[in-house]
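A.B. asks: Turn this into a model:
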Amino acid sequence: MRFADADDEIERAAGMTIADIFERFGEAHFRDGERRVIARMLAGKPMVLATGGGAFINPDTRALILRDSLCIWLDADIATLVERVGRRSHRPLLKNRDPAEVLRELAAVRNPIYAEAHLRISSASTPHDHTVRAILEALSKWEDPQWNS
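C.D. replies: Residues are numbered from 1 along each chain as shown. Okay, the predicted model is just below:
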């Protein structure tokens, strides 16, 4: 399947970076555009779509994702997340703050919501093929009348 990153698609649709959208219009405006881009992408051909961490927190976007896709939460510990977000400097919620502190705060609020995903896969600082194998194994065991008919 084709892979797409929702953040890349949002930037392409807006003609500006996510950081610029946040700075110029605020998070609410960004989340609305994010929901619209995700809806458009889910209405198209099947694909693997990566969303940013805040997308699933928005109730409308979450309902859309849960209704129109198979949602997999790649759950990682804080140390792994800090290492991953350190690779890119475009994350507005981490700007000028300690990433570990912010990620702990976000996890406390977000993880109970992420738990609504159809599947939860533990993701660590291991080669990607370990996570891919875990996803494939979980998919082979997963039963849902909506998706397995």
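
A.B. asks: Tell me the buried residues in the helix-or-strand element of the chain with minimal mean pLDDT?
C.D. replies: Lowest mean confidence among the helices and strands of the chain (mean pLDDT, DSSP states H and E): helix 78-85, at a mean of 82. Going by neighbour count (16 or more other CB atoms under 10 Å), the buried part of helix 78-85 is 80, 81, 82, 85. The way it works is simple: take the backbone N, C-alpha and C, and place the C-beta from them, glycine included.

A.B. asks: Sort out which one of the residues you listed lies nearest residue 121 for me.
C.D. replies: residue 80 (12.8 Å; CB to CB).

A.B. asks: residue contacts, the closest one?
C.D. replies: 123, 124, 125 (CB atoms under 8 Å, 6 or more residues apart in numbering).

A.B. asks: distance of the first one from residue 113?
C.D. replies: Spatial separation of residue 123 from residue 113 under the definition CB to CB, to the nearest Å is 17 Å.

A.B. asks: More neighbours: which of these two?
C.D. replies: In this view residue 123 and residue 113 are compared by other CB atoms under 10 Å, and residue 123 has more residues nearby, 20 against 14.

A.B. asks: per-residue confidence at the more buried one?
C.D. replies: You'll see residue 123 listed with a pLDDT of 86.

A.B. asks: Am I right that it is in contact with residue 72?
C.D. replies: No - assessed by CB atoms under 8 Å, residue 123 is found out of contact with residue 72, at 9.8 Å.
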